[in-house]
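**Student:** next comes the sequence, and after it the predicted model I'd like to discuss.
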Amino acid sequence: MSLILCIETGTDVCSVGIAKDGELISLRESDEGRDHARKVGVFVDELLHETGIAPDDLDAVAVGKGPGSYTGLRIGVSFAKGLCYGLQKPLVAVGSLDALTEVAREDYEAGILSVTDWDRALLCPMVDARRMEVYAQVFDAEGHPQSEVSAEVVDGGSFAAFRTPERPFVIFGNGARKCAGVLEGAVYVDVTPSARGLARLAQRALDEGRTEDIAYFEPFYLKDFVATTSKKKLF
């Protein structure tokens, strides 16, 4: 039996769950603003109390590694690393786009999503990177990557090689809504990032021994952080 604490903070959603043998048993999440630094610790405490699980009972901590919000990723990864260091538990990192795809697949399995010809569909999770740019990757319906992770400035020609009449091109995530009217033929579905998308993937990684070096692991930002200068005069 494996107990894994799962943390996903790479978007506006702060989501924390506990998984047992790859199946989620408890979840806390909020999309009410970017207050992740406070909420992630509160959610972990609530979940441990609710389930009666002691921190030492955890077998690993899994975190969404990005790409996503620079600040959100820093908060989630820093918290996960600190917890792993203090408890002497392994750290498992899961790609945030992989996890988002897993949420979509679980929603379809549960009957929440209805997509014609799902088994042949191409799935494209999109995380907002401001303006018309998104972090994206294409997967098949079984969750196997069909492209590399990329930062895309979306226009009518984006993902042209994958948008064919033969296969549905399904887009989702907080970056997908703004692209729905630009990508002709794309099928938009409402799927939100969640720690539940980490559960099965983290268990698989732990079973295969794919853990991270706690001291040196960093989030996958994809792009360098760019600080902007405020136009307001402070003095």
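**Tutor:** Arrived safely, thanks for sending.

**Student:** scan this structure for its longest helix.
**Tutor:** Criterion DSSP state H: the longest helix present in the chain is helix 70-87.

**Student:** quick one: contacts of it?
**Tutor:** Outside helix 70-87, the residues that touch it by CB atoms under 8 Å, 6 or more residues apart in numbering are 5, 7-12, 14, 34, 36-37, 40-41, 44, 55-56, 58, 60-67, 89-91, 214, 217-221, 225. To be clear about C-beta, it is placed using only N, CA and C from the backbone, and glycine gets the same treatment.

**Student:** would you mind writing the CA trace of whichever helix or strand comes after that helix as CSV?
**Tutor:** Next helix or strand after helix 70-87 toward the C-terminus (DSSP states H and E): strand 91-94. Provided in CSV are the C-alpha atoms of strand 91-94 (Å, rounded to 0.1, in the frame of the first residue of the first chain):
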residue,chain,number,x,y,z
LEU,A,91,9.8,13.5,-4.0
VAL,A,92,7.9,12.6,-7.2
ALA,A,93,7.5,15.2,-9.9
VAL,A,94,4.7,15.0,-12.5
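
**Student:** distance from strand 91-94 to the middle of the chain?
**Tutor:** 12 Å (CA atoms, centre = their mean, to the nearest Å).

**Student:** how about stretch 52-70?
**Tutor:** Remark: stretch 52-70 is offset 12 Å from the chain centroid, using CA atoms, centre = their mean.

**Student:** do me a favour and average the pLDDT over that stretch.
**Tutor:** The average of the pLDDT scores along stretch 52-70 is 97.

**Student:** list the buried residues for that stretch?
**Tutor:** 53, 58, 60-70 (16 or more other CB atoms under 10 Å).

**Student:** stretch 111-130 now?
**Tutor:** L113, V115, W118, A121, L122, L123, C124, P125, M126, V127, D128, A129.

**Student:** what lies in contact with the helix or strand encompassing V134?
**Tutor:** Following DSSP H and E, one finds V134 within strand 133-136. Contacts to strand 133-136, defined as CB under 8 Å, 6+ apart, come from residues 66-68, 97, 124-129, 149-154, 159, 173, 175-176, 179, 222.

**Student:** now find how far off-centre the following helix or strand past that strand is within its chain.
**Tutor:** Per DSSP H and E, strand 133-136 leads on to strand 139-140 as the next helix or strand towards the C-terminus. For strand 139-140, the separation from the chain centroid amounts to 16 Å (computed by CA atoms, centre = their mean).

**Student:** I'd like the numbering to begin with 814 instead of 1 from here.
**Tutor:** Noted, 814 is the first residue going forward, which turns the last one into strand 952-953.

**Student:** average pLDDT for strand 952-953, rounded please.
**Tutor:** For strand 952-953, the per-residue pLDDT averages 98.

**Student:** for stretch 845-862, same thing?
**Tutor:** Mean pLDDT, stretch 845-862: 92.

**Student:** and it, which residues are buried?
**Tutor:** For stretch 845-862, burial by neighbour count (16+ other CB under 10 Å) applies to R847, H849, A850, K852, V853, F856, V857, L860, L861.
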